[in-house]
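Colleague: one predicted model, sequence on top.
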Amino acid sequence: MFRNVSASHLSMRSVGAAGSGGGAGAGAGSSGVVGADGGVVLQSSYSAAAYNSDSSNGAQPRQFRSRRSGAADAKPAARAAGRPQPPSLQQQNAFLRSCALYRSEPMARVRLYFDRVAAHDTIEELGVLGALQFEDLNASQSAFQRSFTSDLKACEEIQRALRFLRAQIESTPGVQINSAVALDLASEVRLDDLAQHISALELGLIEMNSHWDALKVQMNALVEFLAVFEQCSSFFGSSSIRMLLADSNRSTSAALNFDALLSSSALDGAAVASLTRPKEGFSSLQLITGVIQRDRVASFERILFRATRGNCLLRMFDEVQITTARKNGSNGSDEPVPKSVFIVLFSSLEIKLKVTKICEAFAASRYPFPEDGSERERALQESTTRLGDLKAVIASTEKQRRDMLVDIGFNLMLWEHKADREKAIFHVLNLLNYESSTKLFIAEGWATRASIPAIQEALERARRRSNAQLPSVFEEKGKVSTVDHDFHSHDAASASPPTFFKTNKFTQVFQGIVEAYGVAEYQEVNPAVFTVITFPFLFAVMFGDIGHGLLMAAFAVYLIRNERDLEQRRARLGEFVGTCYDGRYVILLMGVFSIYTGFIYNEFFAFPLELFGRSTWKYTESSIMACGVDNCADAAAAAPPLQTYAFGFDPIWKHARTGLLFFNSYKMKLSIVLGVCQMALGLCLSLENARFFRKPLDIWYGFVPQMLFLMSIFGYLVLLIVLKWLTDWNSASCRMSSICEAPDIKNILIGMFMSPGRVPAKNQLFPGQAAVQLLLFIVALISVPWMLLPKPLILRARYSSQLRLGYKKLESDDQETPGESGGAAAHDSCEHTGGFNFGDVMVHQMIHTIEFVLGAISNTASYLRLWALSLAHAQLSDVFAEKLLIASWRSGNVILIAIGFSMWLALTLGVLMMMESLSAFLHALRLHWVEFQNKFYNLNGGGKKFSPLDLSPSINY
């Protein structure tokens, strides 16, 4: 039906008015795109020009086909007298915005007016553009009150039928869905024709399946009957059973010799009549034959024996297994069911009734066995002929069904895309407002400023495409400002601009890591810019090993080199491989940084390397302690080398007894330094946000006391660590002093609070240390009330002054949107529609202050996980290498060496490369979310992600 349909018969249904008021409606009329070549729509020979027939009306720019695409900012070129001029401040800001990740794209709130005839085509063109997020203008109406609810239900019915067709195709072996169909031709398919065609296909397929099921049931019955016939003929065909039956007929006892019958292998056909015809003075011996499922045989035998009290003979042919098919209702596929033939012999009508009921209870199929030989031959011949006819009819039906599914599979993806596309369009139409007086649709939404020219072109293209008489109007509703109110209403917060970052295949995974914590507020600093470096680096601190980093980087390089093939097979990759493929660039950077930190730790699969020369230490017989190669005149003094190792740790530390203490001391201090630096970076970014949004209260009573508190305690701790590292504790002057020894930094920090102003001589690191510590202690104490009290008091004073004025500024809804610029002074004023509650503000500030003070301590301690995970990784690597590789190598046995290497490789890949890397990844994720981003990112939780209508074929609706 749809294999060869011209475009002239597939015009899209237009949208018109359905009533008055704020709703939208659908009316008569049609508009569409007619292919230049006649428009063969649903055939494999699709032409690329079939959808380019509207090129005269303005071709759609390719850069706006994806939601992540947009118009590039124009490059500034200010020249005077042929001489280049330095860029202006506006040009520098434009360049920073072009970085795309530091702050979100500038947004504009827009309003569109278009004719009802062009409504459908306009939404479709904007959806193909993928650059406009529509707002709901009918929020007061329920889903059932909107004008296009019936159209949505029609699309859902089409989707349901298409899901049924897809399930039938997937359950049929050898039938595949064509993934190379041109989805861009979906606009040439008329929805009404598609609905009728899909409904006809569904009904035809259901009828065909029912017919096929009925034929299959008849064929299975014939197969079972022939199996019963064969087994009964074999059982009753033996001549040895005749003597037993004759003896039973001449006996004066009515009892039958069941043991003799059971011991006999078979009964011949002539003896069947004597079993079923009653003799004078005796009960007749009768039989019931049939088939039963194999898994019910044991229960069937047990129930039959108990019900008849053993007065029957059951013969099961376990060595014969009949496999028939039954229909699985979940997916329409067939599954084999093994069955066995049974014969029940008995001599009473009462027993016959019991056996019949038991067979019915166990769903056993019963088949008659003819007594007369001629009847058996005629039944066998008829059954065989009928079975052959049924097989031929079933084969023909199956071929017809397969051909039908092949035709459906060729166009199924196009139909699914069309149904999803129309459903999305009608959903957006339900969001629009319809003015019955002007017969115009009104749409409001958000768009990036870079995409405004493309939106205007799409509106004009849709108007010409639909032959609308009235022009479409584009209106920008004021200028969105980056200035925030200290107080804003709930409505203003809900109407704030959405956040959109232009990403590529490299940066989108880092943006995803950040947005898993929360969506940034509009124009807020995006931590993804820093996460690109800090996340893999912190991971590498915990996973530092050259060999492990090489394995990880090699795996990422494989994914990147084959990303085109893997992208085509994305749906079949599986959850684990698919996740690794999505994060291939993160894995690459984690591997590269792990190689770098591995050079610093000097570890290659837990083995030290001498890449930068031999060790600068050596052992002598004079002392158990090593001394420097160039400073070993007195070996007992254990003097360090004058020239240290060129890069990273000296390889001798890996074998030293004090190596673990040395590594622990270094990694623990490094964790503190890295943690304080990253938290300070987070506070600096909060300063950048407050400066950008012009919020001086957050600068002077938020950032300043927080930075002072952090630096006075933990910044000073970092300073002590650096000073201790830079001090030469083995110098001649230090050796001559009795008090020159490396102090314990923990004792210094504890003494700073327990005994301020006093520093013992053994804890002295620099002159004037006592006065510095006292000053820092006072600053830390002052910063706490500095964070707590001024901001709520200033806000209350501002609100009181506003009440004394007796009025507040009126805003025009047509000219400004919530968050629009009105001057820094106006935005620092206390505009708050719900009034000011000093108690709530004070409690909120108190919670924020306590959270920061306690968080500064807990967050700093949390960075010690870098030390712990790095130590665990190194120790696991050492254990695997020593107990498996080295131990097996020392044995000298080739078999043990092979076994040891295999176990080491399996544990390295399974434990270190998978489990340990996942643990380090999660810990690095926590450090970024909790310790870093909570200082400045998404503090109010008001960020909304930009979600434009996107009808591109690659989007799953």
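Modeller: That came through fine.
Colleague: helices along the stretch 301-450 of the chain, start to end?
Modeller: Taking DSSP state H, counting those that start in this stretch as the test, the helices found in the stretch 301-450 of the chain are 349-361, 373-429.
Colleague: who does the last one touch, helix- and strand-wise?
Modeller: So that's helix 373-429. helix 119-129, helix 149-170, helix 191-235 (3 or more CB pairs under 8 Å, 6 or more residues apart in numbering; DSSP states H and E). In this view, the C-beta of every residue, glycine as well, is placed from N, C-alpha and C.
Colleague: going by mean pLDDT, which of these comes out lowest?
Modeller: When these are compared on mean pLDDT, helix 191-235 scores lowest, with a mean of 89.
Colleague: quick one: distance of that one to the chain centre.
Modeller: For helix 191-235, the separation from the chain centroid amounts to 40 Å (computed by CA atoms, centre = their mean, to the nearest Å).
Colleague: before we move on, the earlier item: out of the helices and strands packed on helix 373-429, which is closest to residue 850?
Modeller: Distance to residue 850, taken as CB to CB, is lowest for helix 119-129 among these, at 48.6 Å.
Colleague: buried residues in the closest one, which are they?
Modeller: 119, 120, 121, 122, 123, 124, 125, 126, 127, 128, 129 (16 or more other CB atoms under 10 Å).
Colleague: just to revisit the earlier point, Throw the helices and strands packed on helix 373-429 into JSON lines and include distance to residue 919, thanks.
Modeller: Supplementary listing: the helices and strands packed on helix 373-429 in JSON lines, determined by distance: least, CB to CB, whole Å:
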{"stretch": "helix 119-129", "distance to residue 919": "43"}
{"stretch": "helix 149-170", "distance to residue 919": "38"}
{"stretch": "helix 191-235", "distance to residue 919": "50"}
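Colleague: closest to residue 920 out of those?
Modeller: helix 149-170 (39.6 Å).
Colleague: where in the stretch 451-600 of the chain is pLDDT low?
Modeller: With pLDDT under 70 as the threshold, the stretch 451-600 of the chain has low-confidence stretches at 478-494.
Colleague: for it, just list every one of the strands.
Modeller: 473-476 (DSSP state E, counting those that start in this stretch).
Colleague: and the stretch 251-400 of the chain, by the same measure?
Modeller: Counting by DSSP E, counting those that start in this stretch, the segments of the stretch 251-400 of the chain that form strands are 286-293, 313-327, 334-346, 365-367.
Colleague: what's the least confident stretch among these?
Modeller: Mean pLDDT is lowest for strand 313-327 among those, at a mean of 70.
Colleague: hmm, residue 128 is touching residue 953, no?
Modeller: No: Residue 128 sits out of contact with residue 953 when judged by CB atoms under 8 Å, with a separation of 9.7 Å.
Colleague: can you list the domains in this protein?
Modeller: Per the record's domain assignment (the TED database), the chain is made up of the domains 210-243+284-396, 505-612+647-728+738-799+838-935.
Colleague: so how far does the shortest one reach from one end to the other?
Modeller: Yep, that's domain 210-243+284-396 we're talking about. Distance between the two ends of domain 210-243+284-396: 15 Å, counting by CA to CA, to the nearest Å.
Colleague: what do you get for the last one?
Modeller: Distances were taken as CA to CA; on that basis the terminal residues of domain 505-612+647-728+738-799+838-935 are 28 Å apart.
Colleague: on that earlier part again, which single one of the buried residues of helix 119-129 is nearest to residue 633?
Modeller: For these, the minimum distance to residue 633 (CB to CB) is 79.5 Å, reached by residue 129.
Colleague: surely the closest one touches residue 451?
Modeller: Yes: between residue 129 and residue 451 there is a contact at 7.4 Å, judged by CB under 8 Å.
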